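Student: Here you go, sequence then predicted model.
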Amino acid sequence: MPAGYIEIDVELCKDCKLCMSVCPHQLIGTSDRLNQKGYYPAHFTEKNLKKEERRCTGCGLCAISCPEIAIEVYRA
Amino acid sequence: MPAGYIEIDVELCKDCKLCMSVCPHQLIGTSDRLNQKGYYPAHFTEKNLKKEERRCTGCGLCAISCPEIAIEVYRA
Amino acid sequence: MAFAPFHARRSQSRSTVPKVLMRGNHVVAEAAVRAGCRFYFGYPITPQNEIPEYMSERLSKIEGGVFIQAESEIASIHMVIGASMAGGRVMTSSSGPGISLKQEGISFLSGLELPAVIVNMSRGGPGLGNIAPAQSDYFQATRGGGHGDYRTIVLAPNSGQELADLTFEAFDLADKYRTPVVILGDGMLGQMMEPVEFRPEIPIKKLPHKDWALTGAKGRPSRFIRSLILDPGEEEEHNWKLMRKYEKIAREELRWEAFAADDAKMLVVAFGTAARIAKGAVKRVREQGLKVGLIRPISLWPFPFKALRDFSKKVKHFIVFEMNMGQMVEDVRLALEGGGEVHFYGRPGGIVPTPLEVSRVITSQYYQKRLG
Amino acid sequence: MAFAPFHARRSQSRSTVPKVLMRGNHVVAEAAVRAGCRFYFGYPITPQNEIPEYMSERLSKIEGGVFIQAESEIASIHMVIGASMAGGRVMTSSSGPGISLKQEGISFLSGLELPAVIVNMSRGGPGLGNIAPAQSDYFQATRGGGHGDYRTIVLAPNSGQELADLTFEAFDLADKYRTPVVILGDGMLGQMMEPVEFRPEIPIKKLPHKDWALTGAKGRPSRFIRSLILDPGEEEEHNWKLMRKYEKIAREELRWEAFAADDAKMLVVAFGTAARIAKGAVKRVREQGLKVGLIRPISLWPFPFKALRDFSKKVKHFIVFEMNMGQMVEDVRLALEGGGEVHFYGRPGGIVPTPLEVSRVITSQYYQKRLG
Amino acid sequence: MFIKTIFSGFGGQGVIMMGYLLATAGMYEQKNVTCLPSYGAEVRGGTANCTVVISTEEIASPVASEPDFAVLMNNPALLFYQNQVQSGGTLFLNSSMIDSRPVRGDIEIYEIPVNDLVKPLGEERVGNMVMLGAFIKKSALVSLDTMHRVLKDTFTNRNPAMVKLNRQALLVGYDFLGP
Amino acid sequence: MFIKTIFSGFGGQGVIMMGYLLATAGMYEQKNVTCLPSYGAEVRGGTANCTVVISTEEIASPVASEPDFAVLMNNPALLFYQNQVQSGGTLFLNSSMIDSRPVRGDIEIYEIPVNDLVKPLGEERVGNMVMLGAFIKKSALVSLDTMHRVLKDTFTNRNPAMVKLNRQALLVGYDFLGP
Amino acid sequence: MKKVFTRPKSLKSAPFHYCPGCGHSLLHRIIGEVIDEMGLQERIIGVPPAGCAVLAYNYFDIDMGEASHGRAAALATGLKRALPDRIVFTYQGDGDIAAIGTAETIHAAARGENITTIFVNNGVYGMTGGQMAPTSILGQNTTTSPGGRKEKRDGFPINLSEMLAIAKGSAYVERTAVNSPSNILKTKRAIAKAFQVQIKGAGFSLVEVLSPCPTNWKMSPVEACKWIDEVMTASFPLGVLKDFTGDKKDVH
Amino acid sequence: MKKVFTRPKSLKSAPFHYCPGCGHSLLHRIIGEVIDEMGLQERIIGVPPAGCAVLAYNYFDIDMGEASHGRAAALATGLKRALPDRIVFTYQGDGDIAAIGTAETIHAAARGENITTIFVNNGVYGMTGGQMAPTSILGQNTTTSPGGRKEKRDGFPINLSEMLAIAKGSAYVERTAVNSPSNILKTKRAIAKAFQVQIKGAGFSLVEVLSPCPTNWKMSPVEACKWIDEVMTASFPLGVLKDFTGDKKDVH
Ligand SMILES: Cc1ncc(C[n+]2csc(CCOP(=O)(O)OP(=O)(O)O)c2C)c(N)n1
Ligand SMILES: Cc1ncc(C[n+]2csc(CCOP(=O)(O)OP(=O)(O)O)c2C)c(N)n1
Ligand code: SF4
Ligand code: SF4
Ligand code: SF4
Ligand code: SF4
Ligand code: SF4
Ligand code: SF4
Ligand SMILES: [Mg+2]
Ligand SMILES: [Mg+2]
């Protein structure tokens, strides 16, 4: 499995939780800080982990499901 | 076969010839006198025949086909 | 929700206040039902959606009540025609673009001499425009946006209470003259909540009998209601018959109101929402000692031509204020026949100016004309 | 048949007569094609069916020509919008009921600032009415039967030749101002054959380039053409922009004609078919020594207000003759501002009075006013 | 000169074509002309008619309330128009199809047995040309020569064979009423 | 007396209800009132607001250009309305959701941590009632008693359980700002 | 001798203004016969819109309300909802129902309005003079499809009844013709059945009738009847398209 | 690491104004991706009518012309006939296409107009606040079907795509959904195919997309996606309804 990584634009996110519902490894949670629009944006839980520690495969399911195009996906 | 007879209202007739095309015995022809509307109306060829001489069965096909309701059908 | 149907809410209130606070759109709907309207056909469009929404609930709870959200404004106006042919009290409502689509049907209603009530909560235009309050459908309503020689009665309320009262009157006028009646409101009147007191409900049985309605030819000769009149002579006669009716309406159904007009040197003319803003403005300038009054046409057709002409014998300066680019101002000019100077102030596109702004326009005109 | 497309017939004629005898509806269609119209969308309705019929044949023989008999008048006006967005010269035609159905689309065209030519060969109304010639769509055409603040240019031809000429002008005006132009004829103008001389065909390549059209964002930023302007401030600005355009048109695009007006003590005002009848009537009464003239507005909007007002300095008596119950008469009253007495004579419903009949009305008014 | 002519008959009798050709001929002779055919639903099963005005002056109205000439191709046409024609006016009757005769004494009447005259030509459709020939002879509204030109211009492109046939039929009518 | 109040927040925060209840209370106290909610497409994903005018005079316009009071439930509301309030006017801020504070010195500000205050009631939906309680206390536009009557009349029929809960929440807010 | 065929009572005595051999005349009679036989004259209301049959109220001795072009289904919806115990039918041409009235018709069927529609498909706009109709078949010459209808330029003809059969609210849809005595009798049975469906309250019922327009087809009436059999039915096959009444599909 | 997923170029950078979890947002992105991948940005023109997506031109970086409510198919017909070598698509809500625009849509399909329609079926009138749509299913609560849609009172929902598949001029009709990653990918393929059909000139193509409207359904976005699978697809089954391109029916 190639290692993956995602970036979430918190200002675009509207807390719809669709990304969370599709990630095979439940790697996305909800932030506890409101964004400018007043939503608690999604949060990539492996954001600060080292590459080796991440379970994210870069499968892109989260990005595919994100209505706001708030997620960018990276793969090795 | 019951004997039949038809009456054609020449003033209603518009010379569409549909009655003629459906009569199984070709008993309807075209009159040579214009009616008030300017049509040569249909004409029951057995009009002046005696009952016994008529081939009209009173089947009503002519009347059923007449758009102008110009034909009345009688049957014994 | 604050928008639940009024009858549910009202019945429970043990308050001694006879009024209820209701959104204008709900007011129209409730008043219609109380005036005996049992048939409503409409199509969603902002800012009048609360009318069909309210009707869908209210009529579904009344025996014989029919609400249909039609597939379009066109379908809805023709459903109106059908229910009106059957003798019912019937209403539809929409806003600018939807009213445009109903024009053919409105022309039919007029020609067929069928009663119906048509509500326009108008918005900024042309085209899709926006959903903010505007008065730019004045021409459409008063000149008949449809084809042919006809007129519709047009009533222009300026408050929640008047929405209720004029809705009642609209149904009566429609039946009395067998003609469609337009209630011309705007987004603000439709959305705003104000205290309202309703007249009691009219029992359906007490409504006037319609001896022309189509009900099946039982025990009487068959009837038809036709729109095509191929012979120009007959059609002309029909047109003049309509004309005589319209002339009677123009004589007998004028509605207008004057405020502080008796000693005025300058008169503001405005209708509907603009009139209430203008009234606020007139009060302000009165406080400053300016002799300014207000004329508010309530029936836009028939238009109070004579009233204005009479005023013009004493007053020579008029300001017409409309939330559009200038439509009623033509009727004012027609009324005055040159017997007064007319200044137009318009704010189209959904802008609702403040009384202060309008008072400034009045003041500046007043001094320019050296009246003060 | 006598109605075969003109170009087929014309090419064969070795006659030296430069004119052809053509039905008014065919004239409009042929003139449109020569003016560069390549897109026609319409729907049958009497008395204008010869326009789509002619177009269906003519455009199918031209490279890039598109004729669609749409499923309805509504579809056709929106096809017009589409082809106009693409930058084409485009036309639709109908009569009263169909024009009513196009009102929403016409409001859109106006708001979107899209050029198009809309022909109304009007008939008796309201409702289905009949198919005889009438002028009862004057209000609809000049006041904008659709919603919102807008105006359409309205041209009223009175002969076959003018049908040709004004159709050319309509396309030019539409492009020049990016606005829909209405040609308001009637059943008689559409059906009558008269000798006509056409201007030469404009090559499509010579038509003005439209730098706003939607053609795919190739080699330039993407464009959009929008109708919704949610912000009232922006919509108001858009409205005033339209207004400035309309004011420019009102200054620069007036068209009217006077006949025997110089020494007249009484003026008849009439447009289109009524104007040609009125002209015959004026000639008759002139022969009897009555000093009567005729003013014929050719552009109904913009209306020649100033011209009429100027005449009213010398002439105090006006007769407005219309084939309706009285519509343009309002504009005449507006123009005169009380500076003249207006008598209205109307024949609605498809009646076409004779010049003799109208001359009697003129004569009787003339002597009643003690002018002779 | 201001002459109004009405043509009337059944839909298929070519009355509109008669009007069109007459008006075109008038135009060729530098006159003002209008030609107003009946239209629309009224035709359904009924009568077609066509009004032609030929004039040296501008024509105010193409509607002929009191025509100078009436060319009537069938019974209903006669019934409808016999009393509208001006005093001193002229009727052209298709006597093959019209039985009755007007009682008015103030008009001239020509009877043309169109259906009979056309038979030898072997093409019933050109009956209207026969009538038109008779009409232009007696009305003298346009010259025979002009009408020949009009026929040529009108039909050459459309159906060249018809030019000859129409001319023949025209002459049959023209000659029928004598010199 | 002519007092304009604006309520503003997210769609789900019950701002329209606050406006409705306040206006009804004004009506119960024999005042003239108008209540104008925002409507239509502008709500999509955005801010809801509601303008209430309470007055002893006739109300010309329900639109409040310079409100006396602003009840602001979230950040965008603060950004939008902070500068529109009249000099000398008052802001009521939902301090649980609004981080920043206006810089103006000419207005009074009350901070109500609505989301925190509502938690003990176990029903987040009545946060608007908490705010409303605080508002009527400090604005003194209508009496607490009237508001109790309004709540009863409004909710008894619809959802009797809500009457009690709403009253509780109202009192929490009313008491929060001290006597 | 006994009179076995005469004018139905629910028709007035006025002669039809339709062209010789027109299907409208036949259909008027058929409907009149059904009304008579079912005893509906005093409780039926007809809705004829613009089209050659716009003057139908001159012929039917029943209550009738004229509709604008295309809007008969909407008008009938309003009528029927206001008078649920009356029988309401529309009588619409193909231009009327399948072009301008497409939306109104489809939605009346989708809603399951309890009305009956007689859809007179003559493949042209008769009243306005023979323009192309939505049901003009490919190759058909009309005044607005010069050289015959071409799919690329003019589009395909539309099978409205097949679409209506899909609508969940339609209970009975059949296509018949009036070009021969046997088809005329089938049409009569279909119309009777449609009224029955309405009486039962089963939902929307429609009978599409292929109907000659000799005038605009430029054929003799007899040729026109033949053309229906030989050409038109290829595009518009006769038969029951939907029957939710529980009756057997092949009613005839 | 390589960026493997990012915003398509044919979308502008403006954030969407749609509600959280709205299908319009997803569809905008999907269409943008297809336009990018097929290289159509410079020759495509979009036609969004009134509806929640009326401001679509704020998001798409392509030429766009706004249509009146319901008339997108007619407008697109005019555009495409004038510019036959451009790609023209409409983007219409269910209220727009299946209520007021029924006639325009059916006739564009019947004529075989060479345009593509994206039909966003969210079973409500989103923009105007959640009224009943022609596609609201039986029992569905909306602001104008109090107590849930009832067949007698409110009529049945309409299956427009099934009707369009019958139209002779339609070449490709498919129903998809955007409620899961796999359905999203299928939707993308369907839209690409529809554009291809248009490029080939094969006729009318339409993709109906079941699309969540969490706001008016009063559900969370995740619940809304589930509801599509569990409830909505029973009335509107997913799959290819028509494919005249010669491709195999089961493209995915
Ligand atoms: C709004 C409107 N558009 C057009 C017309 C003109 N019109 C009258 S009937 C008709 C169509 C007739 O065709 P069809 O419905 O097939 O009936 P038919 O005459 O063939 O029986 C048309 C286009 C009209 N009356 N109203
Ligand atoms: C002629 C007209 N009627 C009504 C409207 C109001 N309106 C705007 S969008 C819309 C329907 C929205 O529903 P849908 O098409 O399903 O799109 P959605 O918002 O659900 O995506 C309506 C009724 C309008 N703009 N124009
Ligand atoms: S790319 Fe795949 S694994 Fe990584 S966060 Fe997204 S859904 Fe989860
Ligand atoms: S799918 Fe997108 S918008 Fe929704 S929660 Fe995840 S990142 Fe936010
Ligand atoms: S009743 Fe039968 S047999 Fe007699 S004339 Fe008529 S069709 Fe012929
Ligand atoms: S069917 Fe009737 S109208 Fe036709 S020819 Fe026979 S009698 Fe005359
Ligand atoms: S035109 Fe056709 S449909 Fe109309 S009456 Fe004549 S034959 Fe019948
Ligand atoms: S209302 Fe529904 S369709 Fe509209 S933006 Fe919100 S979720 Fe999307
Ligand atoms: Mg037809
Ligand atoms: Mg929707």
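Tutor: Cool, got the structure. Ligands and ions are numbered 1, 2, ... in the order given.
Student: any chance you could map the helices in chain A?
Tutor: Assigned by DSSP state H, chain A shows helices spanning A:18-22, A:61-65.
Student: One more: the stretch 51-200 of chain C?
Tutor: Under the criterion DSSP state H, counting those that start in this stretch, helices of the stretch 51-200 of chain C are mapped to C:73-85, C:96-101, C:103-112, C:138-142, C:160-177, C:187-191.
Student: most tightly surrounded among those?
Tutor: Mean neighbour counts were taken over the helices of the stretch 51-200 of chain C using mean count of other C-beta atoms under 10 Å in any protein chain shown, and the top value, a mean of 31, falls to helix C:73-85. Any C-beta I mention is one placed from the backbone N, CA and C, and that applies to glycine too.
Student: quick one: that one to helix D:73-85, angle?
Tutor: Relative orientation of helix C:73-85 versus helix D:73-85 (axes from the mean of the first three to the mean of the last three C-alpha atoms, to 10 degrees): 160 degrees.
Student: by how many degrees do helix C:73-85 and helix D:103-112 diverge?
Tutor: 150 degrees.
Student: How about helix C:73-85 and ligand 1, any contact?
Tutor: No - Helix C:73-85 does not reach ligand 1 (C-beta under 6 Å from any ligand atom); its nearest approach is 10.0 Å.
Student: quick one, what contacts the residue most central in space within chain A?
Tutor: For chain A, the residue nearest the mean C-alpha position is residue A:44 (4.3 Å; C-alpha atoms, centre = their mean). For residue A:44, the contact set (C-beta atoms under 8 Å, 6 or more residues apart in numbering or on different chains) comprises A:6, A:7, A:8, A:27, A:28, A:56.
Student: tell me the pLDDT at it?
Tutor: pLDDT recorded at residue A:44 is 98.
Student: How about residue G:249?
Tutor: At residue G:249, the pLDDT value in this model is 49.
Student: so where do the strands sit in chain G?
Tutor: Applying DSSP state E to chain G gives strands spanning G:2-5, G:44-47, G:63-65, G:87-93, G:116-121, G:124-125, G:131-132, G:170-177, G:204-210, G:239-243.
Student: which stretch among the ones you listed comes nearest residue D:365?
Tutor: strand G:63-65 (42.9 Å; C-beta to C-beta).
Student: And for the residue of chain A found nearest ligand 5, nearest residue in space, chain neighbours not counted?
Tutor: Residue of chain A nearest ligand 5, by C-beta to the nearest ligand atom: residue A:67 (72.4 Å). Nearest residue to residue A:67, sequence neighbours excluded (C-beta to C-beta, 6 or more residues apart in numbering or on different chains): residue H:25, at 3.4 Å.
Student: Pretty sure that neighbour sits against residue H:18.
Tutor: Yes - with contacts counted by C-beta atoms under 8 Å, residue H:25 reaches residue H:18, the gap being 4.8 Å.
Student: so what sits against both of those two?
Tutor: Common neighbours of residue H:25 and residue H:18 (C-beta under 8 Å, 6+ apart) are residue A:67.
Student: what is the mean pLDDT for the longest helix anywhere in chain G?
Tutor: The longest helix of chain G (DSSP H) is helix G:181-200. Helix G:181-200 shows a mean pLDDT of 98.
Student: in the stretch 51-200 of chain G, what residue is nearest chain E?
Tutor: Per C-beta to the nearest C-beta, residue G:127 is where the stretch 51-200 of chain G lies closest to chain E, at 6.1 Å.
Student: ok, now how distant is that residue from residue G:103?
Tutor: 21 Å (C-beta to C-beta, to the nearest Å).
Student: More neighbours: these two, which one.
Tutor: residue G:103 (31 against 24; other C-beta atoms under 10 Å in any protein chain shown).
Student: Residue G:207: what's it in contact with?
Tutor: So residue G:207 contacts G:116, G:117, G:118, G:119, G:173, G:174, G:175, G:176, G:187, G:190, G:191, G:194 (C-beta under 8 Å, 6+ apart).
Student: Quick check: bridge partners of it?
Tutor: Using DSSP bridges, the bridge partners assigned to residue G:207 are residue G:118, residue G:174.
Student: Residue C:208: how many residues sit nearby?
Tutor: Using other C-beta under 10 Å: residue C:208 sits among 11 other residues.
Student: Check the gap between it and residue C:171 for me.
Tutor: According to C-beta to C-beta, residue C:208 and residue C:171 sit 11 Å apart.
Student: burial measure for the residue in chain A that chain C sits nearest to, as a count.
Tutor: Closest to chain C within chain A is residue A:38: 22.0 Å, counting by C-beta to the nearest C-beta. As a burial measure, residue A:38 scores 19 neighbours (other C-beta under 10 Å).
Student: That one contacts residue F:97, correct?
Tutor: Yes - when contacts are counted by C-beta under 8 Å, residue A:38 is listed as touching residue F:97 (7.3 Å).
Student: In terms of helices and strands, where is residue E:70?
Tutor: In this structure, residue E:70 sits in strand E:69-72 according to DSSP states H and E.
Student: Parallel or antiparallel, which strands does that strand pair with?
Tutor: Its sheet considered, strand E:69-72 pairs with strand E:2-10 (parallel), strand E:90-94 (parallel) by DSSP bridges.
Student: Give me the common contacts of residue A:38 and residue F:97.
Tutor: Common contacts of residue A:38 and residue F:97 (C-beta under 8 Å, 6+ apart): F:74, F:75.
Student: Relative to residue F:125, how far out is residue G:181?
Tutor: Using C-beta to C-beta, residue G:181 is found at 73 Å from residue F:125.
Student: Contact residues of chain E facing chain B?
Tutor: E:10, E:45, E:74, E:75, E:76, E:97 (C-beta under 8 Å from any C-beta of the partner chain).
Student: Could you pull up the contacting residues of residue C:163?
Tutor: C:24, C:27, C:28, C:31, C:157, C:183, C:185, C:189, C:196.
Student: nearest to ligand 3, of those residues?
Tutor: Among the contacts of residue C:163, and counting by C-beta to the nearest ligand atom, the member closest to ligand 3 is residue C:24, at 49.1 Å.
Student: can I assume the closest one is in contact with residue C:187?
Tutor: No - contact criterion C-beta under 8 Å: residue C:24 and residue C:187 do not qualify, at 9.3 Å.
Student: just to revisit the earlier point, which among the contacts of residue G:207 are in contact with ligand 9?
Tutor: With the criterion set as C-beta under 5 Å from the ion, no member of the contacts of residue G:207 is near ligand 9.
Student: want to throw the residues you listed into a markdown table with neighbour count?
Tutor: Output for these, formatted as a markdown table (neighbours: other C-beta atoms under 10 Å in any protein chain shown):
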| residue | neighbour count |
| --- | --- |
| G:116 | 27 |
| G:117 | 29 |
| G:118 | 26 |
| G:119 | 26 |
| G:173 | 29 |
| G:174 | 26 |
| G:175 | 24 |
| G:176 | 24 |
| G:187 | 29 |
| G:190 | 26 |
| G:191 | 25 |
| G:194 | 25 |
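Student: ok, those vs residue C:317, which is closest?
Tutor: Residue C:317 has its nearest neighbour among those in residue G:117, at 61.3 Å by C-beta to C-beta.
Student: gap between the closest one and chain B?
Tutor: 21 Å (C-beta to the nearest C-beta, to the nearest Å).
Student: Neighbours of the nearest residue to that residue once chain neighbours are set aside, how many?
Tutor: Ranked by C-beta to C-beta, 6+ apart and with sequence neighbours excluded, the top spatial neighbour of residue G:117 is residue G:206, at 4.4 Å. Counted by other C-beta under 10 Å, the residues lying close to residue G:206 total 33.
Student: cool, and residue E:103?
Tutor: The number of residues packed near residue E:103 is 7, by other C-beta under 10 Å.
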